[in-house]
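Student: below: sequence and its predicted model.
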Amino acid sequence: MSLSTTPSSITPPAARPAAQPGPTRLELLAAMLRIRAYEEKIVAFHAAGPFPNVCTSVGQEAAAVGVVSALRAEDQILTNHRSAGHLLARGADPGRMLAEVMGRSTGYCQGRSGTLHISVKELGVVLTSTIVGGELSLAPGVALSRAMLGGEGIVVCFFGDGAACEGIFHESLNLASVWNLPVLYVCENNQWQAFVHRKETMVGDHVAPWAAPYGIDSLTVDGNDVESVRKAALHAAAQVRETRRPFLLEAWTYRQRGHMEPHDQSYVDPAELEAWMAKDPISRLEARLLTDGELTTADLEALHAEARRAIDEAAEFAATSPYPDPSDLATGVYA
Amino acid sequence: MTQMTFHDAVDQALHEEMARDSRVLMFGEGTATKRKALLKAFGPARVRNTPLAEGIIAGTAAGAAATGLRPVVDLLFAPFLCFAMDELVNSAGKLRYMSGGQFSFPMVALAMTGGGWSVGAQHNHNLEAWFVHAPGLKVVMPSTPADAKGLMKAAIRDENPVLFFMDIGLAFAPGEVPEGEALIPLGQAAVRREGSDVTLISYAKTVHTCLAAAEALAEQGVSAEVIDLRTLKPLDEATILASVRKTGRAVIVHEASRLCGVGAEVAALISEQAFEALRAPIVRLTGPDAPAPASYPLEQAFAPQADAIAEAAAGLVARTLEAAPIW
């Protein structure tokens, strides 16, 4: 499988036929708008402060929606601290997510996770670790359960280029390969490792080539093109399903905001930022839909308004939800 | 009763639990190579060798435990747990609570430690207190083959992650193991010897040292009670407090270093909850704040000795005989 170092030359292979009819382009757009609206709401809350620290996924919506749209209900997901996109794309309720971020008892984890480690077992988002690389350490075990307990589901593990520089990335790929585990590793290479550009800390531009020495096929896709991501993810997921072996998909994307709120990009090269903002995943799909006549400007405004309305409603639910009772502080530590 | 070593008792527990529950599996460094009978009985899917990579072994166990399996992992020597701290402490220990109870982590991590093989400080480091301090984890460290079997079976059936420490000095010491299930609940200490003048509190190999000290004390007319904690977390507070309320004196003994060790917790517990019963200060006899040496005589000297324990206990008794209680 060929690898490229420039995103412009990244072309996904033809997707294998989907098992069920997939989402329309408008649905893909709506899913991305929902994520963007959610993150913008969090940014607004934070600016109005005081509000918990958060890491947003603005700019990475196409990677989340493209990959998650290629999954089936029986598949399982592990994710990380920049997880809002994955959760919302999987169908998580933004009200319960915001409630979790705001420390309310109605949150998915009863306010005990906060923004950084939200898991939603009923949606198959089985474990979330904010320790960079934590999700990589857990993924083979989840896949081992699948392999030993039956079922056709695969395990998708979202991580970033920062986690790929952790030793556990290599341990995880090696074991998943040696044990033939059905893990679809998805590296969202967003160019930034917390406050440091990956160019300073990582050999080469891409993570995908690191799969080959472990006998794992890989592919790099333009992570800011949701349709390309979806095609590549369908291909990758189908291969994992058929071979019951791991695959590494690298989404080449960009973190549009600072590592965490409050937003600070004083350390970011303005030219790089400008170039990536021009490739914003939502604007690109919108332009394509407008050009193709699938959408009018009025339709677009309505879609944006609907996304904002849904998130406003979610925020209202979260903000009016009760805080957990302090007397329950130390309960549920042990099973 | 059957005579068997500590090591074989653990093996028997694994065998019985794997036969009882198909979700139980074991993997680790050399697990399939060394546990041939287990491999033969349960096959390569349930008895696996792994890379020498403790992080991914423990992480895989945590991921598997959260999604339906009940793994036992052999991480060999306790200092190797340093490579698995994120997976054990941050994932297995915390993610149940952090997920609002959506997941549990029924898994056992096995590791050896303690003097006996002259392996030096990177194979021998009694760091069990680190895990007592970590929320969500349970910690056991047995002193006999019977307890090793009964506690291993209970640990496998527990819904929480359990650190199971095997004392190297006891690994191949034989002992009597009862037939049948012989489960030992986690969190239950054992009174190894009853006494009325002083309580010797310990776990793992130094329980035997305390029993030797109690024998010597008896010859001096001092009646020592010996408590084997067996489980370090949850701690059997009731057994400790009941004994100290009876004797009024406590000597706490372990091979691990003193600072923030399990003995500090036991001493604090007694001070907080049985202060009125104390007739003398609490004494701790522990390993020093030093890496474990390899040289056999030094390694043996690292752990508290029976004569020192007897001397400390006799000193407490003599002290309170000379003076009335100060409170």
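Tutor: Happy to help now that I have it.

Student: can you pull the contacts of the residue of the stretch 151-300 of chain B found nearest chain A?
Tutor: Relative to chain A, the nearest point of the stretch 151-300 of chain B is B:E159 (3.4 Å; CB to the nearest CB). Bear in mind the C-beta positions are built from the backbone N, C-alpha and C, glycine included. By CB atoms under 8 Å, 6 or more residues apart in numbering or on different chains, B:E159 lies in contact with A:334-335, B:104-106.

Student: which of the residues you listed sits closest to B:R258?
Tutor: A:Y334 (28.0 Å; CB to CB).

Student: make a markdown table out of the contacts of B:E159 and add secondary structure and distance to A:F247.
Tutor: Below are the contacts of B:E159 laid out as a markdown table (DSSP: H, G, I helix; E, B strand; the rest coil; distance: CB to CB, whole Å):
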| residue | secondary structure | distance to A:F247 |
| --- | --- | --- |
| A:Y334 | coil | 37 |
| A:A335 | coil | 34 |
| B:S104 | coil | 30 |
| B:F105 | coil | 27 |
| B:P106 | coil | 30 |
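
Student: what two of those are the furthest from one another?
Tutor: Once CB to CB is applied, those give A:Y334 and B:P106 as the farthest pair, at 11.4 Å.

Student: so what sits against both of those two?
Tutor: Going by CB under 8 Å, 6+ apart, residues that sit against A:Y334 and also against B:P106 are B:159-160.

Student: neighbour-wise, which of those two wins?
Tutor: B:P106 (24 against 19; other CB atoms under 10 Å in any protein chain shown).

Student: where along the stretch 201-335 of chain A do the strands fall?
Tutor: A:217-222, A:247-252 (DSSP state E, counting those that start in this stretch).

Student: please identify the most buried of these.
Tutor: Most buried of these, by mean neighbour count (mean count of other CB atoms under 10 Å in any protein chain shown): strand A:247-252, with a mean of 29.

Student: so what touches that one?
Tutor: Counting by CB under 8 Å, 6+ apart, A:7, A:10, A:60, A:62-63, A:66-67, A:173, A:183-189, A:206-208, A:210-211, A:216-224, A:229, A:232-233, A:236, A:239-240 sit against strand A:247-252.

Student: hmm, back to that, including mean pLDDT, could the strands of the stretch 201-335 of chain A go into TSV?
Tutor: Shown next, in TSV, are the strands of the stretch 201-335 of chain A (pLDDT from 0 to 100):
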stretch	mean pLDDT
strand A:217-222	98
strand A:247-252	98
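
Student: sorry, back to before: need the contacts of B:E159 in JSON lines with pLDDT and distance to B:M141, can you?
Tutor: JSON lines is the format used below for the contacts of B:E159 (pLDDT from 0 to 100; distance: CB to CB, whole Å):
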{"residue": "A:Y334", "pLDDT": "98", "distance to B:M141": "19"}
{"residue": "A:A335", "pLDDT": "97", "distance to B:M141": "21"}
{"residue": "B:S104", "pLDDT": "98", "distance to B:M141": "23"}
{"residue": "B:F105", "pLDDT": "98", "distance to B:M141": "20"}
{"residue": "B:P106", "pLDDT": "98", "distance to B:M141": "20"}
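
Student: okay, and residue 72 sits in which element?
Tutor: The chain I'm using is chain A. A:R72 belongs to no helix or strand when assigned by DSSP states H and E.

Student: meant chain B actually
Tutor: Element membership of B:V72, judged by DSSP H and E, is strand B:70-77.

Student: and that strand, what other elements does it pack with?
Tutor: strand B:24-28, helix B:54-66, strand B:108-113 (3 or more CB pairs under 8 Å, 6 or more residues apart in numbering or on different chains; DSSP states H and E).

Student: now the angle between helix B:54-66 and the first one, please.
Tutor: Here strand B:24-28 runs at 170 degrees with respect to helix B:54-66, directions being taken by axes from the mean of the first three to the mean of the last three CA atoms, to 10 degrees.

Student: mind listing what's buried along strand B:24-28?
Tutor: B:24-28 (16 or more other CB atoms under 10 Å in any protein chain shown).

Student: with just CA atoms, put it into PDB.
Tutor: Extracted as PDB, the C-alpha positions of strand B:24-28 are listed here (Å, rounded to 0.1, in the frame of the first residue of the first chain):
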ATOM      1  CA  VAL B  24     -10.700 -17.200  32.900                       C
ATOM      2  CA  LEU B  25      -7.400 -17.100  30.900                       C
ATOM      3  CA  MET B  26      -3.800 -16.600  31.800                       C
ATOM      4  CA  PHE B  27      -1.000 -14.900  29.900                       C
ATOM      5  CA  GLY B  28       2.400 -13.500  30.600                       C
END
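
Student: show the subsequent helix or strand relative to it.
Tutor: Past strand B:24-28, the next helix or strand by DSSP H and E is helix B:31-34.

Student: that following helix near chain A anywhere?
Tutor: No: using CB under 8 Å from any CB of the partner chain, helix B:31-34 never reaches chain A; the gap is at least 12.5 Å.

Student: outside of the helix or strand following that helix itself, list whatever touches it.
Tutor: The helix or strand immediately downstream of helix B:31-34 is helix B:36-42, counting by DSSP H and E. Residues outside helix B:36-42 that contact it (CB under 8 Å, 6+ apart): B:11, B:14-15, B:18-19, B:25-26, B:31-32, B:47.

Student: a markdown table please, covering those and showing distance to A:L149 and pLDDT.
Tutor: Listed next are the contacts of helix B:36-42 as a markdown table, based on distance: CB to CB, whole Å; pLDDT from 0 to 100:
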| residue | distance to A:L149 | pLDDT |
| --- | --- | --- |
| B:D11 | 25 | 96 |
| B:L14 | 20 | 98 |
| B:H15 | 22 | 97 |
| B:M18 | 15 | 98 |
| B:A19 | 18 | 98 |
| B:L25 | 11 | 98 |
| B:M26 | 16 | 98 |
| B:T31 | 20 | 97 |
| B:A32 | 20 | 97 |
| B:V47 | 17 | 98 |
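
Student: of these, which is the most crowded?
Tutor: That'd be B:L14 among those, by other CB under 10 Å, with 27 neighbours.

Student: any idea how far B:T2 lies from B:P174?
Tutor: Shown here: B:T2 relative to B:P174, a distance of 10 Å by CB to CB, to the nearest Å.

Student: actually A:V101, not the one I wrote
Tutor: 57 Å.

Student: could you do A:R245 as well?
Tutor: A:R245 is 46 Å from B:P174, by CB to CB.

Student: mind putting the strands of the stretch 201-335 of chain A into a markdown table with distance to A:M97?
Tutor: What follows is the strands of the stretch 201-335 of chain A, written out as a markdown table (distance: least, CB to CB, whole Å):
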| stretch | distance to A:M97 |
| --- | --- |
| strand A:217-222 | 26 |
| strand A:247-252 | 22 |
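
Student: nearest approach to A:G162 belongs to which of those?
Tutor: Of these, nearest to A:G162 by CB to CB is strand A:247-252, at 13.5 Å.

Student: now find how far off-centre that closest one is within its chain.
Tutor: 12 Å (CA atoms, centre = their mean, to the nearest Å).

Student: and stretch A:225-232, by the same measure?
Tutor: Distance, centroid of stretch A:225-232 to centroid of chain: 13 Å (CA atoms, centre = their mean).

Student: in it, which residues are buried?
Tutor: Quick answer for stretch A:225-232 (16+ other CB under 10 Å): A:225-232.

Student: report the two of these separated the most.
Tutor: Longest span within these, CB to CB: A:V226 and A:A232, 10.8 Å.

Student: shared neighbours of these two, anything?
Tutor: A:G66.

Student: what about A:R288, how many neighbours?
Tutor: 16.

Student: give the contact list for it.
Tutor: A:R25 are the contacts of A:R288 under CB under 8 Å, 6+ apart.
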